[in-house]
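[1] this one's structure only:
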């Protein structure tokens, strides 16, 4: 492993790799000439490997320069074809097992931009991870005047077989968008990845972006630390309806995402985390409960009121009167053998709890949320979900695991209870993002669908 030959031994382990010569630049302007390798792992993390090459006065030993100064702020590189700028973070563990022994240092990077001299992009191609339908993703359509082109990677069957077997993360496809502006292209790719994530039930994400010229050749590149997740074979939309789902939901979801960007990201992330199969079942159930909490906050706001007071002033006055009543009336109703300290503690606790009387209960918050997104849920289902949620949040177990489950509790196993909760959450989340079509019943896991709803 010497000079630029290092990446030939390990490039199959990375989603992106490129090499060159340039300068590590420090905060106060010092520069160290280095040979460098830029790599992005399949999980989306970005690293630079650098090795001093003696082209600057500071010498060959880049590591000593790092220890003497501080972590470099950026790496700059320019040759006859490409200009590269890499924003650096900090020293990292070796990205290759033999790197340090051969004089290479590893530095985590924030992002990298590359451009070819005198060339302009007319389209942008994105490397897509974890999109793994049985039929290779070969599809094209026009969306709001932009053409989207999906293509599988080479050896697609082998790649998705490994992905599914090992439950890892891998680039499986590309998405080319015929847009010249790289920011707009990335926005469109984000919408596409979000919709594909909902449909496929796991994190679909673009790893890096390449600008293409009129001949389809790369002329720019943008690589960053992508937000990724493991492959999970638990789809929400049937494979033969994937592309139709994405096209039909595009405009409504894009509008939803634009209006609620941070909440939209959080909602999708919570749902996907709750189905990742590398957690204990109890943790996954708790995440489902948290997902519903997030939906409630998104739809009806934080701490919604249970009582429709005339005004905020009226509510404040009532709360003050209630606390005063507790303070003056409660002590006389307590046992006489209690010490003054215990009496004060009880009064204080009851005063604090009085605030909860003015807030909506979780059960009623779900009802109000369902009314707002126009779906009807059976009261028995709401009660059952609340019971399961409370048991998970407060006891860290499912109801079926409690010493004495209710006699009418329908679930005997944790998996049954979890997947029933998942179907409940799926319906609420999909309706929240304004999808009212059919979706796969992940409770039965037999390919049957929850029917479409009007409204």
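    Looks like it came in fine. Computed from a predicted model, the values in this text were never measured in an experiment.

[2] Isn't residue 393 up against residue 286?
    Yes: look at residue 393 against residue 286 with CB atoms under 8 Å: they come within range, at 6.5 Å. To be clear about C-beta, it is placed using only N, CA and C from the backbone, and glycine gets the same treatment.

[3] which one of those two has more residues nearby?
    Neighbours per residue, other CB atoms under 10 Å: of residue 393 and residue 286, the larger number sits with residue 286, 17 against 14.

[4] how far away is that one from residue 397?
    The gap separating residue 286 from residue 397 is 10 Å, by CB to CB, to the nearest Å.

[5] Can you point out the buried residues in stretch 447-455?
    By 16 or more other CB atoms under 10 Å, the buried positions in stretch 447-455 come out as residue 450.

[6] same deal with stretch 160-177?
    Neighbour counts over stretch 160-177 (16+ other CB under 10 Å) mark 160, 163, 169-177 as buried.

[7] Point out the ones among these that are inside helices.
    Assignment to helices by DSSP state H places the following of those there: 160, 163.

[8] of all the buried residues of stretch 160-177, which two lie farthest apart?
    163 and 177 (23.7 Å; CB to CB).

[9] For the helix or strand harbouring residue 257, buried residues please.
    In the assignment (DSSP states H and E), residue 257 maps to helix 242-259. Residues of helix 242-259 classed as buried: 242-243, 245-246, 249-250, 253-254, 256-257 (neighbour count, 16+ other CB under 10 Å).

[10] other SSEs contacting it?
    Using 3 or more CB pairs under 8 Å, 6 or more residues apart in numbering; DSSP states H and E, the elements in contact with helix 242-259 are strand 139-143, helix 182-200.

[11] Each with direction, which strands does the next helix or strand after the first one pair with?
    Sequence order places strand 146-152 as the next helix or strand after strand 139-143, per DSSP H and E. Within its sheet, and counting by DSSP bridges, strand 146-152 is paired with strand 139-143 (antiparallel), strand 171-177 (antiparallel).

[12] winner for burial among the helices and strands packed on helix 242-259?
    Among the helices and strands packed on helix 242-259, helix 182-200 has the highest mean neighbour count (mean count of other CB atoms under 10 Å), at a mean of 21.

[13] Do me a favour and average the pLDDT over it.
    For helix 182-200, mean pLDDT is 96.

[14] quick check: angle from it to strand 146-152?
    60 degrees (axes from the mean of the first three to the mean of the last three CA atoms, to 10 degrees).

[15] which residues does residue 256 contact?
    264, 433-434 (CB atoms under 8 Å, 6 or more residues apart in numbering).

[16] Mind doing that once more with 10 Å?
    Neighbouring residues of residue 256 by CB atoms under 10 Å, 6 or more residues apart in numbering: 191, 194, 249, 263-264, 267, 432-434.

[17] Which of the residues you listed sits closest to residue 41?
    Proximity of these to residue 41 (CB to CB) peaks at residue 194, which lies at 22.2 Å.

[18] residues near the residue lying closest to that closest one once chain neighbours are set aside, how many?
    In this structure, residue 194 finds its nearest non-sequential neighbour in residue 268, 5.9 Å apart by CB to CB, 6 or more residues apart in numbering. The local packing of residue 268 (other CB under 10 Å) involves 20 other residues.

[19] Check residue 308 too.
    Residue 308 is flanked by 6 other residues according to other CB under 10 Å.

[20] got it, and residue 115?
    18.

[21] the inter-axis angle of the helix or strand harbouring the residue nearest to residue 194 versus helix 182-200?
    Taking DSSP H and E as the criterion, residue 268 maps to helix 261-275. Angle of helix 261-275 versus helix 182-200, following the same axes, to 10 degrees, is 30 degrees.

[22] what's downstream of helix 261-275, the next helix or strand?
    Next helix or strand after helix 261-275 toward the C-terminus (DSSP H and E): helix 281-300.

[23] taking the mean pLDDT, what do you get for that following helix?
    The average pLDDT within helix 281-300 is 91.

[24] Next secondary structure after it?
    helix 312-329.

[25] mean confidence for the helix or strand following that next one?
    The first helix or strand that comes after helix 312-329 along the chain, using DSSP H and E, is helix 340-357. Mean pLDDT, computed over helix 340-357, is 83.

[26] outside of helix 340-357, which residues touch it?
    Residues from elsewhere that reach helix 340-357, judged by CB under 10 Å, 6+ apart: 303, 306-307, 318-319, 322-332, 334-335, 338-339.

[27] which parts of it are buried?
    Within helix 340-357, the residues that qualify as buried are 347, 351, counting by 16+ other CB under 10 Å.

[28] any idea how far it is from the chain center?
    Relative to its parent chain, helix 340-357 has a centroid offset of 40 Å by CA atoms, centre = their mean, to the nearest Å.

[29] now do stretch 172-180
    21 Å.

[30] Is it correct that residue 206 is in contact with residue 172?
    No: Residue 206 lies out of contact with residue 172 (CB atoms under 10 Å); the separation is 11.6 Å.

[31] Which residues are in contact with each of the two?
    Both residue 206 and residue 172 are contacted by 127-129, under the criterion CB under 10 Å, 6+ apart.

[32] Now rank the residues you listed by neighbours and give me the top one.
    residue 129 (28 neighbours).

[33] Pull the contacting residues for that residue.
    Contacts of residue 129 by CB under 10 Å, 6+ apart are 15, 42-44, 163, 168-173, 193, 202-207, 226, 228-229, 231.

[34] For stretch 392-411, which residues meet the burial criterion?
    392, 397-401, 405, 409, 411.

[35] How far off centre is it?
    How far stretch 392-411 lies from its chain's middle: 30 Å, per CA atoms, centre = their mean.

[36] Now it: average pLDDT?
    92.

[37] Show me the contact partners of it.
    280-290, 293, 362, 380, 384, 387-391, 412-421.

[38] Narrow those to those that are buried.
    281-282, 284-290, 293, 362, 384, 387-389, 391, 414, 417-421.

[39] Spit out the contact partners of residue 40.
    Residues in contact with residue 40 (CB under 10 Å, 6+ apart) are 14-18, 46-47, 109, 112, 127, 171, 207-208, 223-226.

[40] and what of residue 338?
    Per CB under 10 Å, 6+ apart, neighbours of residue 338: 331, 344-346.

[41] Run through the strands of the stretch 1-150 of the chain in chain order.
    14-25, 31-41, 46-52, 74-78, 82-91, 105-116, 123-129, 139-143, 146-152 (DSSP state E, counting those that start in this stretch).

[42] for the stretch 101-250 of the chain, which spans come out with low pLDDT?
    Residue ranges of the stretch 101-250 of the chain with pLDDT under 70: 101.

[43] quick check: angle from the helix holding residue 257 to helix 182-200?
    120 degrees.

[44] do you know how far residue 52 is from residue 104?
    10 Å.

[45] show me the contacts for the most centrally placed residue in the chain.
    Among the residues of the chain, the one closest to the centroid is residue 269, at 3.7 Å (CA atoms, centre = their mean). Counting by CB under 10 Å, 6+ apart, residue 269 makes contact with 197, 203, 227, 229, 287, 291, 294.
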